[in-house]
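J.: Provide a 3D model corresponding to the input given below.
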Amino acid sequence: MPPARKKNSKGKKRWVSKVTTESTFPKKGIFTKDAETIARHMASKKVSPKGIGSGIRMIQYFINRAGRSLPASRRRELEKAKRILQARQKNR
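T.: All right, here's what the predicted structure looks like:
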């Protein structure tokens with residue numbers, strides 16, 4: 001049986017449980033690709049309808065959730081994808 005969802009002190013469900021169910025999100029396996037592919041996908045209106053900043057936040061969220069289990073090489077690739085998106089955002 002799966003563990004019960006945690007609730008905050010007021011009895012509401014935590015916002016983290018809504019991230020993949022109530023928002024747009026990248027296709028499965030995209031974070032295993034190269035930085036250019038990740039950046040291109042995250043910049044698309046389908047994934048980030050509110051703009052490139054939304055894609056950058058999704059990548060950062062993925063990095064934070066992976067924590068120490070994320071290999072250094074994968075972290076570097078994701079950070080590179082973030083830098084590519086940040087450069088695109090400045091050029092707009």
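J.: can you give me the end-to-end span of stretch 45-61?
T.: For stretch 45-61, the first and last residues are 19 Å from each other (CA to CA, to the nearest Å).
J.: tell me the SS of the residue sitting nearest the centre point of the chain?
T.: For the chain, the residue nearest the mean C-alpha position is residue 58 (2.3 Å; CA atoms, centre = their mean). Under DSSP: H, G, I helix; E, B strand; the rest coil, residue 58 falls in the helix class.
J.: low pLDDT regions in the protein?
T.: Residue ranges of the chain with pLDDT under 70: 1-24.
J.: one more time with 90, if that's ok
T.: Low-confidence segments of the chain (pLDDT under 90): 1-28, 44-51, 54, 67, 89-92.
J.: where's residue 25, which helix or strand?
T.: Following DSSP states H and E, one finds residue 25 outside all helices and strands.
J.: could you tell me how many residues sit around it?
T.: 14 (other CB atoms under 10 Å). The way it works is simple: take the backbone N, C-alpha and C, and place the C-beta from them, glycine included.
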